[in-house]
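> Generate a structure from the sequence data that follows.
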Amino acid sequence: MSIKSSKTLVDEAIKEIKTLALDEVKELIDKKTCTLIDLRDIRELYNEGGIGGALHIPRGMLEFWVDEESPYYQKGRFSTDKQIVLFCALGARSALATKSLQDMGFKNVAQVKGGYRAMAASGNFQLIKIKREK
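Sure, this is the predicted structure:
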C-alpha cells in the first residue's frame, strides 16, 4: 500500500493557502487586525514559550473548536471579523490547518512563514513564558 506522505500534503496545502512574511504578521498584530493562533502542543509552549497575544488552540482541536455544530465548539473564542493567522513550530502543521479552515469556508486565513521559531528568532515579537498548570 502506498500512502501520500505528510510532506506531500504540506507541499500541496502551501500551494493553495496564503503564507505571510514576518513583517506582514507584525504589522497585522500592531494594527490589531488579526487573531493570532498558536497551534503547537502545550508541551511545546511550556518548553519554548509563546508569542504575546496569541490564542492557543491545539492543532488536534482546531476544526472542532471553530465548528458551531461540534460538541467542542468554543463560542466567542475568537472573531472571524479579523484575519486569522495560524502558526506552529516551523510551518507544516499550520499549513495543513490553514488549508483545513479554508476547506471549512473560512475566507480570511493565513499562516506565518517559518512559524514560531522564525518569529522568536526575529526578535520582533513579544516572547512570553508559559507556566505549567498544576
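
> Helix or strand next in line after the top helix by length along the chain, which one?
As assigned by DSSP state H, the longest helix anywhere in the chain is helix 92-104. Next helix or strand after helix 92-104 toward the C-terminus (DSSP states H and E): strand 109-112.

> to the chain's geometric centre, what's the distance from that next one?
7 Å (Cα atoms, centre = their mean, to the nearest Å).

> how about low-confidence regions in this protein?
Residues of the chain meeting the criterion pLDDT under 70: none.

> and the spatially most central residue of the chain, what helix or strand is that in?
In the chain, the residue lying closest to the centroid (Cα atoms, centre = their mean) is L86, at 2.1 Å. Here L86 is covered by strand 83-87, with elements defined by DSSP H and E.

> Now stretch 112-126: buried residues?
V112, K113, G114, G115, Y116, A118, M119, A120, F125 (16 or more other Cβ atoms under 10 Å). Quick note: C-beta positions are derived from backbone N, CA and C, even for glycine.

> measure the nearest residue to R40 once chain neighbours are set aside to S2 for me?
In this structure, R40 finds its nearest non-sequential neighbour in C88, 5.4 Å apart by Cβ to Cβ, 6 or more residues apart in numbering. According to Cβ to Cβ, to the nearest Å, C88 stands 27 Å off from S2.
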